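Visitor: Have a look; sequence and predicted model below, questions after that.
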Amino acid sequence: MASGSKGNCALIYSDNTAILCDAGIPITRIKERLQSVGFCLDAISGVVVTHEHSDHICALPRVSRAVPLYAHPLTAKAIYDRQKGLLNYKRVDFYDNGFYIGDIEVIPFRISHDATYPLGYTFKCGNSRISIATDMGIVAGSVFNNIKDSQVVLLESNYDENMLKNGPYDQRLKARILSSKGHLSNVMAGEMAVRLAGGCLETMVLGHLSDTNNTPELALSTVRGCLGDKCDGVRIEVALQHERSQIFEAYEK
């Protein structure tokens, strides 16, 4: 639905279930982009939240009027503190162990980011798996282990290091982005693509691009350059901030 520093929202669906991952863009835009692929908000079975930063939760108060909200208890508390309320929250015991929404298994995994309890997610239906892993300063082993069997991976490719270091951000913000709890660069995304190539990965979608410190063309060329000959077996695409992406399908193997 949207991916970038100004707002994030993704739709994951099977034949029977539809889930939103984050709700960080205006609800009017969420409804418009859902409608463009044949959905309405009432057809969504749940919204799962990665962490409490505003570009991931700004529409939650309105979305959760119609859609059950799933988040780790620590993240739920952080959302409550930020938004002064929490509507339609579905508490899941032992959240880290995963749970089902309809016929989709939701598998959380820890990521490294400056939030209370940040998570990535793998969504599994039969043998089809899709993973979302953004907003992280490093790719820990647990991240790789949780996404390596997915056919489709939305992976952060936030910044070009030269653009960031020579750009307009102040030194404190640059240091935050470059830290182990910040964001992934294009090169780091490319290195992860190399690790995943040759396995189950069919499509890598580069996401959470900075409008200031990156371009879609630069992200694509950097990741494809890292892959080299391995690029022939992996489709590389970019998720954009200001328009809906195409639909990416994960097929059972």
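Guide: Yep, it's here. Numbers count the residues shown, from 1 in each chain.

Visitor: quick one, what contacts residue 37?
Guide: The neighbours of residue 37, taking CB atoms under 8 Å, 6 or more residues apart in numbering as the test, are 11, 244, 247. C-betas here are computed from N, CA, C, even on glycine.

Visitor: what separates it from residue 242, distance-wise?
Guide: Here residue 37 is placed at a distance of 17 Å from residue 242 (CB to CB, to the nearest Å).

Visitor: How about residue 180?
Guide: Counting by CB to CB, the gap between residue 180 and residue 242 amounts to 29 Å.

Visitor: Show me where this structure has its helices.
Guide: Per DSSP state H, the chain has helices spanning 27-35, 54-57, 60-63, 73-83, 141-147, 161-165, 171-178, 186-196, 216-227. These are given in chain order.

Visitor: Which other helices and strands does the lowest-mean-pLDDT helix or strand in the chain contact?
Guide: Each helix and strand of the chain was given a mean pLDDT (mean pLDDT, DSSP states H and E); the minimum falls on helix 141-147 at a mean of 91. Judged by 3 or more CB pairs under 8 Å, 6 or more residues apart in numbering; DSSP states H and E, helix 141-147 is in contact with strand 104-110, strand 119-125, strand 128-133, helix 186-196.

Visitor: Could you rerun that using 10 Å?
Guide: strand 104-110, strand 119-125, strand 128-133, strand 152-156, helix 186-196 (3 or more CB pairs under 10 Å, 6 or more residues apart in numbering; DSSP states H and E).

Visitor: Most tightly packed of the ones you listed?
Guide: By mean neighbour count, with neighbours taken as mean count of other CB atoms under 10 Å, strand 152-156 ranks first of the helices and strands packed on helix 141-147 at a mean of 27.

Visitor: Give me the angle between that one and helix 216-227.
Guide: If you take axes from the mean of the first three to the mean of the last three CA atoms, to 10 degrees, strand 152-156 sits at 110 degrees to helix 216-227.

Visitor: Just the mean pLDDT for strand 152-156, thanks.
Guide: With pLDDT averaged residue by residue, strand 152-156 scores 97.

Visitor: send the alpha carbons of that strand over as CSV?
Guide: Taking C-alpha atoms only, strand 152-156 is exported to CSV below (Å, rounded to 0.1, in the frame of the first residue of the first chain):
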residue,chain,number,x,y,z
VAL,A,152,8.7,-13.1,-1.4
VAL,A,153,10.7,-10.8,0.9
LEU,A,154,10.0,-7.1,1.5
LEU,A,155,13.4,-5.9,2.7
GLU,A,156,14.5,-2.5,3.8
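
Visitor: The chain should start at 24 in everything you say after this.
Guide: From this message on, residue numbering opens at 24, which makes the last subject strand 175-179.
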